[in-house]
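Student: I would like the atomic coordinates for the input below:
(3 chains)
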Amino acid sequence: MNYWLMKSEPDVFSIDDLARKQISPWDGVRNYQARNYMRDSMRIGDGVLFYHSSCAEPGVVGIARIASAARPDPSQFDPRSEYHDAKATPEQPRWCLVDVAFVRKLRGVIRLERIKQEPALARMPLVQRGSRLSITPVTAAEWNHLLSLEPSP
DNA sequence: GCCAACGTTGGC
DNA sequence: GCCAACGTTGGC
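Tutor: This is a model prediction of the structure:
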């Protein structure tokens, strides 16, 4: 089983939105490396750290799991979508998505600021200079360490 | 709003 | 294939 960190702007799609829907397609990924992770490496059941970006309190806010294999992202074919890609066709799709299922919210935000203080997490792409990738792999050790930072109930 | 870093595009 | 210009990301 693999682990992932997936970024979302809470104004667009938050952990509460996922909690409400329980399962949701993770659409709009338009970066080849992120796409390749979804297409080539994700498996149903993989763990996901749900990260809020571009907001007042950037950080990990919840846990989800991968709930489907990759399939074409329909928004690439829709001219009215902000994710439309004129070079993609149903015969030759360029972008894919996976379904993500809600597991739980954390008891508090594990803030980026906090994550940066942890030597054990220093190799996460998240804390590396200039890294902007919205989907990144997480090691089992990083997963466990990060979740150990969750406040006690 | 600023800006550093990175990815993509397209002319040559 | 190079690389300048441009667009995007995302923390601050």
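
Student: any idea how far the residue of chain A found nearest DNA strand B is from DNA strand C?
Tutor: Sorted by distance to DNA strand B under C-beta to the nearest atom of the strand, the residues of chain A start with residue A:130, at 2.0 Å. Any C-beta I mention is one placed from the backbone N, CA and C, and that applies to glycine too. In this structure, residue A:130 and DNA strand C are 8 Å apart, going by C-beta to the nearest atom of the strand, to the nearest Å.

Student: also residue A:113?
Tutor: In this view, residue A:113 and DNA strand C are 6 Å apart by C-beta to the nearest atom of the strand.

Student: that residue: which element?
Tutor: Secondary-structure assignment from DSSP states H and E places residue A:113 in helix A:112-115.

Student: how about that helix against DNA strand B, any contact?
Tutor: No. For helix A:112-115 and DNA strand B, the contact criterion (C-beta under 7 Å from any atom of the strand) is not met; the two come no nearer than 14.5 Å.

Student: tally of neighbours for residue A:130?
Tutor: The burial count assigned to residue A:130 is 5, neighbours taken as other C-beta atoms under 10 Å.

Student: tell me the SS of it?
Tutor: Secondary structure assignment for residue A:130 (DSSP: H, G, I helix; E, B strand; the rest coil): coil.

Student: do the one 3 residues further on as well
Tutor: Per three-state DSSP, the secondary structure class of residue A:133 is coil.

Student: same check, this time on residue A:106
Tutor: On the basis of three-state DSSP, residue A:106 is classed as strand.

Student: go ahead and confirm it touches residue A:148.
Tutor: No. With contacts counted by C-beta atoms under 8 Å, residue A:106 stays clear of residue A:148, the gap being 11.6 Å.

Student: neighbour count for these two, which is higher?
Tutor: Between residue A:106 and residue A:148, residue A:106 has the larger neighbour count (other C-beta under 10 Å), namely 19 against 10.

Student: could you pull up the residues touching the more buried one?
Tutor: Neighbour list for residue A:106: A:60-63, A:147, A:150 [criterion: C-beta atoms under 8 Å, 6 or more residues apart in numbering].
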